[in-house]
Structure formats: structure tokens, C-alpha cells
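A.B. asks: Below: sequence and its predicted model.
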Amino acid sequence: MVKLKRLGLFVSMVMAALISLPLHATVVPHLYDVTLTSTSQSQDEWQNLVQQGLSQVLERISSDPTLIKNPHVKQALENAPDYVEQYSYEGNQLVIKYSPELVNQLVQKMGQVVWGQRRPKVVLWLAIEDNHQRRLVGVETDPNLQTYLNTVAQKQGIPLILPLMDLEDMSAITVTDVWGQFPSVLQQASLRYGAQTILLGRVLHNPKAQGALWEGSWQLLEGGSPTWRVEGQSLEEVLGQGISGATRFLKPQVNAQENPRFRSGNKPFLIAVEGIQSSSDFVNVESYLKSLNPVKDVNIHQLLGALAIFEITLQNDSGRHALEQAVSMDQHLIPSLSRHQEIAGIESSYRWVAIAANNTPAESLQSTKPMFDSNSLSSPLWDEETED
């Protein structure tokens with residue numbers, strides 16, 4: 001009789017190492033849910049609100065901020081009730097839950113990438129000049145503005161953090177640092193908030209202006225540090241435009257129809273991960289890959305010393321860029337220049353960055369002895385043993 005014997009010691013170590021993997025990108029819930037104010041609960045109003053809600057959801061999850069202007073999307077909005085999974089009235093609020101599957105299909109049909117739930121956490125350093133006085137905005141100093149900013153960010157699907165502006169913040173940063181937009185100082189002060197992205201805002205009130213009374217200058221310390229300017233008749237208008245601008249730059253900038261790399265279908269493909277020094281590393285890498293929104297399935301393909309080859313299956317044929325976007329957020333997998341030509345079919349190579357005790361990426365512990373024997377290149381995860 002043939003008995004399949006899994007690598008006993010390895011499996012026991014793996015099972016003992018089944019721990020939750022801390023991630024630095026934030027999983028944003030309720031992207032397909034919308035709450036809107038209802039005044040009459042009439043059928044006509046319901047139809048209009050369902051269209052508004054679907055429009056909001058499409059803006060949240062589409063990689064193209066102009067998708068809503070697409071004629072095919074406009075036609076879909078006419079049939080917005082078809083995308084509703086359930087709805088309910090809570091007082092004067094209409095709560096609508098849209099079908100993620102149907103909405104995603106609509107976005108992908110337009111050739112766009114779905115911006116999934118895993119999104120970069122953004123810390124906002126905001127300075128306001130009013131009546132020739134400059135001040136920093138924080139949770140403890142401006143609770144009303146915090147409420148408004150959170151509402152805008154939630155509508156955009158952005159996990160936004162407003163600094164506390166407590167004694168620790170005030171000792172680390174000044175209004176001049178924000179107004180002058182000094183990156184190194186701001187990056188250091190942002191470490192305590194665990195954000196991947198820093199948004200800087202300078203807002204000026206000019207009550208004597210002939211046109212707009214408020215103007216804002218914004219910068220995102222991400223992807224070339226884009227800047228943009230906005231103006232409006234109110235502080236809230238300028239703040240809302242600033243958050244919207246940041247959202248546009250944070251969205252995956254790719255059109256799935258124009259980039260053949262992301263039209264290869266959802267066939268499984270291989271990636272190589274270096275730096276597997278322990279069973280915990282192996283489990284953490286596998287768990288991490290499975291946690292990524294674009295990933296449907298993960299299987300181990302081969303093991304070679306400290307190198308693991310994983311077979312990845314994506315949710316859909318536009319997920320390659322979304323996968324790279326998700327991986328780049330957390331920096332647990334760093335792109336590697338190694339080609340691993342001895343193994344056919346590898347499309348991407350990464351180096352694993354271990355998880356330190358403080359839940360931040362740390363350099364993988366170096367070891368002169370890899371976790372797996374180098375002779376295991378062609379070995380499966382089990383051995384065949386014949387018993388008489």
C-alpha cells in the first residue's frame with residue numbers, strides 16, 4: 001500500500017506558525033454601501049437615490065475617475081435598481097447595498113481596473129491661514145472639521161487620518177513645516193500613525209478676494225509628489241476638492257484594455273519569493289498573498305532552499321496591476337532583480353521582508369542555513385513511502 005507522508009516536521013512547524021499577518025494597507029469596508037437622505041420615500045425618489053448611490057460606488061472602485069461619463073455607464077445608471085442587493089430605510093436615511101459582483105463586472109466591462117478594498121492609509125497634515133493667522137488642524141483642536149473630513153473621505157473610500165495635534169505632534173512639527181511642505185520632517189512625524197501616504201494641505205482665506213474666498217494648495221507625497229490647486233467659496237468646498245484630488249492620484253493608473261500585460265486572462269502564473277528563512281516566513285507569505293483582494297487562490301509550486309515559488313490565480317483578467325498595487329502598499333514583498341532562469345514560467349520575483357515585533361516591515365533575519373534543503377527543487381510537499 002502506498003502512503004502519502006507529508007513532511008512531518010515541516011507541517012507541524014507550519015501549523016504552529018498559523019498566526020495572523022499584520023498588514024499596513026487598510027481594508028476599507030462597505031465600499032458598495034451608500035447611505036442617502038430621503039425626504040418622501042416615494043418610488044420616484046427611490047429611483048433617483050439608487051442612481052446617485054450607484055454613481056458614488058462606481059467612483060469609489062473604478063480606476064478611472066471619468067468612468068461615470070462613459071455612455072455605457074450612463075445607460076447602466078438608468079438600470080441602477082438591477083445592481084441593488086438590498087436596501088432599507090432607517091428614519092430619513094436610505095441605506096443601499098449594491099452587488100459587488102455586478103458592479104465589478106460593469107467596471108471591468110468598461111476596461112477598467114477595480115480598485116479593491118485594500119487601500120493606502122493617508123495621514124493629512126493641514127494648515128489653514130485665516131485673518132493672517134496660521135494654525136494646524138487636528139483631532140483635538142478641530143473636531144467639527146474632523147467630522148467633515150471623515151465624511152468626505154468615507155464617500156471617496158479613502159482611509160484618512162487626521163493627526164491628533166497633541167503634545168507629541170506639537171513638539172515634532174510646526175505650522176511652518178506644513179506650510180513650507182518639508183517632506184523629511186513630515187515623514188518623521190507621520191510614523192506614529194502608520195500611514196503609507198502623506199497628504200499636505202495649505203488653505204488660505206482671502207475675504208477681500210473678488211472671486212473665490214478660499215484657495216488651497218495640495219501635495220501628495222506619493223508617486224512623484226503631485227501637486228494641485230483648488231479654490232472655492234467655503235473652507236469645506238476647498239477641503240472636499242483636496243481630498244478628491246488625492247483620490248484621483250491614488251487610484252490605479254491603468255486601463256486594462258490598453259495594456260496587454262493585464263489582458264492575459266486569469267490563468268495561474270508563477271511568482272518567486274526569496275528570503276524564506278523559517279516556517280513562519282512561509283506561512284506569512286502564503287497568508288499575505290491570500291489576503292490580497294485581487295487574488296483568488298494561492299498554491300505552493302516548488303521550494304528551493306530559501307526560495308519559494310507560488311502559483312497565483314487572480315479573481316479576474318484585469319487583476320495584475322491591482323495585485324502589484326496591493327503588494328507595493330505594504331512593502332512586505334520587495335521587487336527582486338533575480339530572474340531564477342532555472343525555473344520556467346516565473347513572471348515576477350520578490351524578496352520577503354519579515355514582520356518585526358512592532359508590526360512593521362523589518363529586514364528578514366539572515367541565516368546561513370536555509371529552511372529547506374536545496375535538493376528539494378523538484379520534490380513535492382510529500383514523500384511516497386511503500387509499506388509491505
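C.D. replies: Received, thanks.
A.B. asks: Skipping adjacent residues, who's closest to N293 in space?
C.D. replies: Counting by CB to CB, 6 or more residues apart in numbering, G116 is the residue found nearest to N293 once chain neighbours are left out, at 3.2 Å. No exception for glycine: its C-beta is placed from N, CA and C like everyone else's.
A.B. asks: Check whether that neighbour really touches A326, as I assumed.
C.D. replies: Yes. With contact defined as CB atoms under 8 Å, G116 counts as touching A326 (7.0 Å).
A.B. asks: Kindly confirm my reading that V238 is in a strand.
C.D. replies: No. Per DSSP: H, G, I helix; E, B strand; the rest coil, V238 lies outside any strand segment and is helix.
A.B. asks: My guess is E59 contacts P65. True?
C.D. replies: Yes. Using CB under 8 Å, E59 is in contact with P65, at 6.9 Å.
A.B. asks: Those two: which is more packed in?
C.D. replies: E59 (19 against 14; other CB atoms under 10 Å).
A.B. asks: Not counting its neighbours along the chain, what's nearest that one?
C.D. replies: Closest residue to E59 apart from its sequence neighbours, by CB to CB, 6+ apart: I68 at 6.1 Å.
A.B. asks: just V137 next, same as before
C.D. replies: Among residues not flanking V137 along the chain, L126 sits closest, at 4.2 Å (CB to CB, 6+ apart).
A.B. asks: how far is the host helix or strand of the one you found from where the chain is centred?
C.D. replies: Per DSSP states H and E: L126 is located in strand 122-130. Between the centre of strand 122-130 and the centre of its host chain there is 22 Å, according to CA atoms, centre = their mean, to the nearest Å.
A.B. asks: quick one: pLDDT of the closest residue to R60 other than its chain neighbours?
C.D. replies: Among residues not flanking R60 along the chain, G157 sits closest, at 3.9 Å (CB to CB, 6+ apart). What the model reports for G157 is a pLDDT of 93.
A.B. asks: what sits against G157?
C.D. replies: If you count contacts by CB atoms under 8 Å, 6 or more residues apart in numbering, G157 has them with V28, L31, R60, I61, W115, R119, T247.
A.B. asks: If you rank those by neighbours, which is first?
C.D. replies: Within the contacts of G157, R119 tops the neighbour count with 26 neighbours, counted by other CB under 10 Å.
A.B. asks: which of the residues in the helix or strand containing L323 are buried?
C.D. replies: If you go by DSSP H and E, L323 is part of helix 319-330. For helix 319-330, a neighbour-count test (16 or more other CB atoms under 10 Å) marks G319, R320, H321, A322, L323, E324, Q325, A326, V327, M329, D330 as buried.
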